[in-house]
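> Sequence first, predicted model second:
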Amino acid sequence: GVYPDEARANDFGLVWERKRDQVIRDKEIDDLILEGETPCVDFKRELYLGNAGEKAEFIKDIIALANTQAEGRRWLIVGIDDKTRELYEPQVAPDRGYWHTQLSQNKIEHILSAYVAPYIEVRYELIEYRTGKVGKIEVLRNPAKVPYRVIKSLGDKKDKSRIEANQIFVRHGSQTVQPDEEELDSLYEESGREKPSV
């Protein structure tokens, strides 16, 4: 059998490894926070995808991250306040629960495949960060597929988060906007795809 000391050493090794992984993960988030919102990094306090407005806003954000012509990996980080850049300790909305109990890779993929073309690949991971939880959504941009666009309108006609079929979004700094003609040409040029004539 295993000597008690050896077992203890193995446990200690595991604990240390876990701690080290946590430190590495914390540092990744710290670095993103330090850099702040950029064309490639977007912070959200919470992310609920329950109603049309919330879904539309999310789709807009993901499309913008995917379309923006900038170097580096693209992240939507949930659980960090975009103003204070602090970990946001979510309040439980009585009717909804914590955002992270509702969010999953499957749900995200389902929404994106229904409303976006070409399909945008994303990777969602919920991690422990400091004293709370943070959701990391990595948007995997494929230059051959840009520009990504909305394929189905969503949201209330009067709602500013409403998205319309064929809309395209990009990020200017930390703002999500529709591209101007030049940006649009540049995206079609990058992918080598034919720009539809209006």
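The structure has been received and is ready for your questions.
> Got phi/psi on the residue positioned nearest the centre of the chain?
The chain has residue 76 as the residue nearest its centroid, 2.7 Å off, counting by C-alpha atoms, centre = their mean. Dihedral angles of residue 76 (phi, psi; degrees, to the nearest 10) stand at phi -110, psi 110.
> where does the residue nearest to it when sequence neighbours are not counted fall, phi/psi-wise?
The shortest distance from residue 76 to any residue other than its chain neighbours is 4.2 Å, reached at residue 137 (C-beta to C-beta, 6 or more residues apart in numbering). Where you see a C-beta, it was placed from the backbone N, CA and C, and this is true even at glycine. Residue 137 adopts backbone torsions of phi -110, psi 110, taken as degrees, to the nearest 10.
> thought residue 165 was touching residue 117?
No: between residue 165 and residue 117 there is no contact under C-beta atoms under 8 Å: 10.0 Å.
> what about those two, which has more around it?
A count of neighbours by other C-beta atoms under 10 Å puts residue 117 above the other of residue 165 and residue 117, at 14 against 11.
> give me the beta-bridge partners of the more buried one?
residue 149 (DSSP bridges).
> so which helix or strand takes in residue 22?
Using DSSP states H and E, residue 22 sits in helix 4-35.
> Grab the CA positions of whichever helix or strand comes after that helix and hand them over as PDB.
Downstream of helix 4-35, the first helix or strand assigned by DSSP H and E is strand 41-44. Provided in PDB are the C-alpha atoms of strand 41-44 (Å, rounded to 0.1, in the frame of the first residue of the first chain):
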ATOM      1  CA  VAL A  41     -12.100  42.700 -25.100                       C
ATOM      2  CA  ASP A  42     -15.600  43.400 -23.900                       C
ATOM      3  CA  PHE A  43     -16.700  43.300 -20.200                       C
ATOM      4  CA  LYS A  44     -20.200  42.600 -18.900                       C
END
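> Tell me the gap between strand 41-44 and the middle of its chain.
Its chain's C-alpha centre and that of strand 41-44 lie 7 Å apart, by C-alpha atoms, centre = their mean, to the nearest Å.
> Fine by me, we can end here.
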